[in-house]
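In: quick one: sequence and predicted model below, then my questions.
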Amino acid sequence: MIDFRKELNPAQREAVETLDGPVLVIAGAGSGKTRTIVYRMANIVQQGHSPDSILLLTFTRKAAQEMLDRASLLLGAQGLYGVTGGTFHSFAYAWLRRYAEAMGAKNGLTVMDQSDAEGILRDIRDDLRLGKGDRSFPKRSTLLSLISKSRNKEMPIADILRGEAYHLSRYEDEIGLVAKGYESFKTRHGLLDYDDLLFGLERLLSDHAPALELARARYRFVMVDEFQDTNLVQARIVRLLAGDGGNVMAVGDDAQSIYAFRGANVHNILDFPNQFPGAKIIRLEQNYRSAQPVLDLTNAILEQAQLKFRKHLFSERKDGPLPQVFRTLSDRSQANAVVNKVLELSKKYPLHEIAVLFRAGYHSYPVEVALNKLGMRFQKFGGLRFSEAAHIKDVLGFMRLGQNPADVPSWQRVLSHIKGVGPKTVGRIYEAVLAGDNAHLAGVRRRSPEIGEVLDFLDEQRALGGTPAAMLARVLEFYTPILERKYPDDYPQRRSGLEQLERIASQYSDLEAFLGDISLENPQDEDERGKEHALVLSTVHSSKGLEWSVVLVIDLVQDRFPSRHALNSADDLEEERRLLYVACTRARDYLGLFVPSTVYNQYNHSSEPALESPFLAELPETVYESWRENFSGTMSRARDAAPAQALASPRSFGASAPAAPSAPATGKVPPSRLGYCRHKIFGRGKIVATVDGDKYRVNFPGFGLKVILANFLELE
DNA sequence: CCCCATGGTGTTTTT
DNA sequence: CACCATGGGG
């Protein structure tokens, strides 16, 4: 028996010991959230319930796996075998597969990734002859993100456009047409995008009584981690699973909501007590992770947040170094400074206890170059996905067709390496295959033996079947010559990626499960997972829920962190601030922040000056120590901490960006100066006056005077 | 119908 | 630079 009294604080214990009825746990960063979930699972099993009855929905599979591993340690051999754990998306896919026939899916259910979906949108747009010759018609990636946002936020496309893509408003009708075509295309071809998984599960549970009964009978204990990042349909799924007065525990932290861009709705966590009447609310506010100086800095970030989360974390770890801010001359010298810091700290910490965090995948390139030069091992999270590499997608295309013969994106992949074959030819071939038009196929084979080879191979593949590993082995035999022809330069490298895929496939016995996981979970193979002695590089988003002894955050400059895409709306900017909060709260002992004075601009191939991130500039100087790089490459203490540039620059944050909410709640700040500005449609214009506090009267050459919401202007 | 050269455009975050 | 849409030539 575990002595919960000894192992947990009173709030944690209450969460662990409350097994009946709904519970909402508001868990501040580092407050032992994982520990609480792990011990609660252990308690459920100790109370005599089967692990089968636990459903643990987390944000990534990695998170679920870690919790299950830790709980198994706690319970010894008894373990937690049988707990269902994973993401909403993978859970949804598993249930949809089980009920595929009942739901009327004849062709199979194939999960598409982003590039598949974008490809289909391109085809639909071309079929509808929309945007021909119009350069400003939204691109396929924009189309997908608008359509997906509209579904995730459950708002009409018009509202999405008005809110965040005002310049595309005139395409509202066309985008609607594309969206409609896209929906029916997916249905016809048995394809699911990420959003369909969630809506499909909701439909299954609400329309198909046997499924709902089975799910409720089985999952008597539902736990949802990172609840602040669920969207509306996910919240409804939780409600459906739990039923009235069900045993559901939601865990989250409103201060760490960083997925609004994908439809996450903080309201879910605030509204939980209404959705589940009688819910017990438990707050975990003691921080066990970070030393007090780190917490002082993260608390200061939160102070600036617009929604004043009345949250002030405290720690018993009073000792620890003050966070340090390093202002370097350029992003390349920043990379050197980071590497030096890592070298210094690696005497005290193992490499995998040190993480370098950044806003966007490509921000780490200079650091990667420096690490490679030194031969230091590192492991990168975030950025591009393993399964999105062209050669991996090629191979998966062959396998996907074994599962779903109507999978158009896969047809395009398996045939497009043949010379003289484009979208039209592919379209005719799969239509003929599905219609059983053997005459046409015979003609195609006569004209192109190569196409015939592919068709024969696919037939053979379907006839032989077998495990995913067996199928993959045959595909590789067929594909290797193609690989070598297609990528003469770097095929050995790609070859090793395919070997990695083989190792992953060998862990599966079911083709659908393998394909689903590959596109939903980015599985790591054992080799990669064992990178014990490697420095961690990660996007802030991918660092969610993790922690390290040392955290170094790089590129704290305007337009990078916050991203320049976030400058149009106050909400987006708030999310960027929370993102920095998430980054800094990952640190246990030491936090280092890096500000390069110039960053390399790839398309000008020149370095350009960069301004310090407003999030850093707004912090009190007492919470960190300032260092400045000398021309010799050494660092020295900067006594007058505040850099002149952040305050004096005409583009300085407070003075020039009224949409920016270091200002009071409404975002209505009278500008302190009238200058020039830029508008997406009208171009550069001169600001003549302010109107109502949140708009400007602007004179645009060629367009005349206009009154425009400050949100839609970029000040210069 | 497909390919390739050309020139304009613009870079987040993830399931 | 890298990506994408376009349009002329095969």
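Out: Nice, thanks for sending it over.

In: number of nearby residues for the residue of the stretch 351-500 of chain A found nearest DNA strand B?
Out: As assessed by Cβ to the nearest atom of the strand, DNA strand B sits closest to A:G422 within the stretch 351-500 of chain A, at 2.7 Å. Any C-beta I mention is one placed from the backbone N, CA and C, and that applies to glycine too. For A:G422, the count of nearby residues is 11 (other Cβ atoms under 10 Å).

In: A:G402 versus that one, what's the distance?
Out: Computed as Cβ to Cβ, to the nearest Å, the A:G422 to A:G402 distance reads 24 Å.

In: again, but for A:W627
Out: Distance of A:W627 to A:G402, given as Cβ to Cβ: 58 Å.

In: could you do A:Q324 as well?
Out: With Cβ to Cβ as the criterion, A:Q324 and A:G402 are 55 Å apart.

In: before we move on, what about A:T634?
Out: A:T634 sits 60 Å away from A:G402, going by Cβ to Cβ.

In: more neighbours, A:Q324 and A:G402?
Out: It is A:G402, of A:Q324 and A:G402, that has more neighbours when counted by other Cβ under 10 Å, with 21 against 18.

In: what strand or helix carries that one?
Out: helix A:390-403 (DSSP states H and E).

In: which residues sit against that helix?
Out: Residues from elsewhere that reach helix A:390-403 (Cβ atoms under 8 Å, 6 or more residues apart in numbering): A:108, A:110, A:115, A:386-387, A:407, A:409-414, A:417, A:457-458, A:461-462, A:465, A:468, A:471-472, A:475-476, A:478-479, A:482-483, A:486-487, A:494, A:497-498, A:501, A:511-512, A:514-515, A:518.

In: show me which residues of the strand or helix carrying A:Q334 are buried.
Out: Using DSSP H and E, A:Q334 sits within helix A:331-345. Across helix A:331-345, burial judged by 16 or more other Cβ atoms under 10 Å covers A:331-339, A:341-342, A:345.

In: ok, stretch A:155-173 next?
Out: So, applying 16+ other Cβ under 10 Å, buried residues of stretch A:155-173: A:157, A:160-161, A:164-166, A:168, A:171-172.

In: export only the CA atoms of that stretch, formatted as CSV.
Out: This file holds the C-alpha atoms of stretch A:155-173, laid out as CSV (Å, rounded to 0.1, in the frame of the first residue of the first chain):
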residue,chain,number,x,y,z
MET,A,155,-17.7,29.5,-36.3
PRO,A,156,-18.7,30.4,-39.9
ILE,A,157,-15.8,31.0,-42.3
ALA,A,158,-17.0,34.6,-42.6
ASP,A,159,-16.3,35.2,-38.9
ILE,A,160,-12.9,33.6,-39.1
LEU,A,161,-12.0,35.9,-42.1
ARG,A,162,-13.3,39.0,-40.3
GLY,A,163,-11.3,38.1,-37.2
GLU,A,164,-7.9,37.1,-38.6
ALA,A,165,-7.7,37.4,-42.4
TYR,A,166,-9.6,40.5,-43.2
HIS,A,167,-7.8,40.9,-46.5
LEU,A,168,-9.3,37.6,-47.7
SER,A,169,-12.9,38.6,-46.9
ARG,A,170,-13.8,39.1,-50.5
TYR,A,171,-13.1,35.4,-51.1
GLU,A,172,-15.7,34.3,-48.6
ASP,A,173,-18.0,32.6,-51.1
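
In: out of the buried residues of helix A:331-345, which is nearest to A:Q507?
Out: Minimum distance to A:Q507 across these is 32.9 Å, recorded for A:V342 (Cβ to Cβ).

In: tell me the spacing between that closest one and A:Y581.
Out: According to Cβ to Cβ, A:V342 stands 23 Å off from A:Y581.

In: domain parsing of chain A, as residue ranges.
Out: Structural domains assigned to chain A are A:4-98+A:196-287, A:113-189, A:314-384+A:529-637, A:386-520, A:676-715, following the TED database.

In: looking at those domains, which is nearest to A:N299?
Out: When the domains of chain A are compared by Cβ to Cβ, domain A:314-384+A:529-637 sits nearest A:N299, at 8.5 Å.

In: chain center to that closest one: distance?
Out: Between the centre of domain A:314-384+A:529-637 and the centre of its chain there are 19 Å (Cα atoms, centre = their mean, to the nearest Å).

In: give me the distance between the two termini of it.
Out: Separation of the first and last residues of domain A:314-384+A:529-637 by Cα to Cα, to the nearest Å is 28 Å.

In: and the helices in the stretch 151-300 of chain A, which stretches?
Out: A:157-164, A:172-189, A:194-207, A:209-218, A:232-242, A:267-275, A:292-303 (DSSP state H, counting those that start in this stretch).

In: same question for the stretch 451-600 of chain A.
Out: Along the stretch 451-600 of chain A, counting by DSSP H, counting those that start in this stretch, helices occupy A:468-486, A:491-505, A:511-521, A:526-529, A:540-543, A:570-584.

In: could I get those as a markdown table with distance to A:I687?
Out: Formatted as a markdown table, those follow (distance: least, Cβ to Cβ, whole Å):
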| stretch | distance to A:I687 |
| --- | --- |
| helix A:468-486 | 53 |
| helix A:491-505 | 52 |
| helix A:511-521 | 48 |
| helix A:526-529 | 53 |
| helix A:540-543 | 34 |
| helix A:570-584 | 19 |
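
In: least reliable of those by average pLDDT, please.
Out: Least confident of the helices of the stretch 451-600 of chain A, judged by mean pLDDT, is helix A:526-529 with a mean of 54.
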